[in-house]
Every structure is written in structure tokens, then in C-alpha cells.
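Undergrad: no sequence on this one, just coordinates:
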């Protein structure tokens, strides 16, 4: 992924950057994530709960999945475990994005990265770019 231009301080990616699936219960956070990700050239899809995110991930194979821990029906950590156990979705990078101090739990669940709220657009976009380029499935420490 090459940076093509900067729009409003956000680096826009050259060509199609891919789809990001977001499992987030807070409407305000969803709107902010959508704004920054779409401005960077990503398509954004939302899931209202864990089972919906799992189904959408299997069907759509997004470039990256961002999940809050406190989502309904299947929490974000269990969602991450299930994604990493499934041959269809195990290679999709997962970012756990939460107000909870849960870096260790996210890593144990198989997350590729953990980001602590509030949203910092440059950190979110930088993490997504790094994960999208990595073939290894290692945990990325927050910055």
C-alpha cells in the first residue's frame, strides 16, 4: 500500500485499500472510525455484535477486523479466539480497541494488536497499515 496523497491531514492510500470490519457498540466511535478510515481509502463495514462479526468476516474476508471487547452476544476477545481458530479467517489481522486495560488478554485471545481508547487516528491508521503489510501473526504493542 503506497500513500498517494494527503487529504485533511490523513494519508489517502493509493488504489483500493480494502475493507475494514468493525465490531463496536458506541455509535460515536463507529462514526469517527468510519470517517478516518474512509478518508484513508478503506471501505468500512459494521457488525452490531460478535456473531454478526464472525459471519461477516467469514463471508467478506476483510483486510482487518477492529473489535471492542464489550460487544453483545459474543465478546470481542471470544470473537478474536473464534476468528483465529477458523481456517477461513485466521490470517485476518484483528485489532482489539477498548477502554479496558486488556493488552494481555487481547494477546492471549490471538489479537494482532491492542489499542486503548480514545481514538487517535494516526495510531489507528498506522497500526492498520503495519498489520496489512505483515505476513507474520505477531502481536503489535500499542504506541
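TA: That came through, no problem. The shown structure was predicted, so the numbers you read here are calculated from the model rather than taken from an experiment.
Undergrad: show me where this structure has its helices.
TA: 27-39, 50-60, 76-85, 103-109, 121-133 (DSSP state H).
Undergrad: can you state the direction angle for the last one and helix 27-39?
TA: If I follow you right, that is helix 121-133. 60 degrees (axes from the mean of the first three to the mean of the last three Cα atoms, to 10 degrees).
Undergrad: low-scoring stretches of this structure, by residue?
TA: 1-16, 134-143 (pLDDT under 70).
Undergrad: nearest to residue 95, of the helices of the chain?
TA: helix 121-133 (6.1 Å; Cβ to Cβ). Where C-beta positions appear, they are placed from N, C-alpha and C, glycine not excepted.
Undergrad: residue 86 and residue 58 touch, don't they?
TA: Yes - at 6.9 Å, residue 86 counts as touching residue 58 under the criterion of Cβ atoms under 8 Å.
Undergrad: just want the most central residue of the chain.
TA: Centroid-nearest residue in the chain, with Cα atoms, centre = their mean: residue 66, separated by 2.3 Å.
Undergrad: residues in contact with it?
TA: Applying Cβ atoms under 8 Å, 6 or more residues apart in numbering, we find residue 66 in contact with 20-24, 33, 94-95, 97, 124.
Undergrad: return the set of residues that bridge with it.
TA: On the basis of DSSP bridges, residue 66 is bridged to residue 22, residue 95.
Undergrad: returning to that earlier point: ok, and the most crowded of the contacts of residue 66?
TA: residue 23 (31 neighbours; other Cβ atoms under 10 Å).
Undergrad: if we can go back for a sec, can I get the helices of the chain in JSON lines with distance to residue 115?
TA: Below are the helices of the chain laid out as JSON lines (distance: least, Cβ to Cβ, whole Å):
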{"stretch": "helix 27-39", "distance to residue 115": "11"}
{"stretch": "helix 50-60", "distance to residue 115": "17"}
{"stretch": "helix 76-85", "distance to residue 115": "12"}
{"stretch": "helix 103-109", "distance to residue 115": "9"}
{"stretch": "helix 121-133", "distance to residue 115": "6"}
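Undergrad: deepest-packed of those helices, please.
TA: helix 76-85 (a mean of 21; mean count of other Cβ atoms under 10 Å).
Undergrad: measure residue 106 to residue 43 for me?
TA: Residue 106 sits 25 Å away from residue 43, going by Cβ to Cβ, to the nearest Å.
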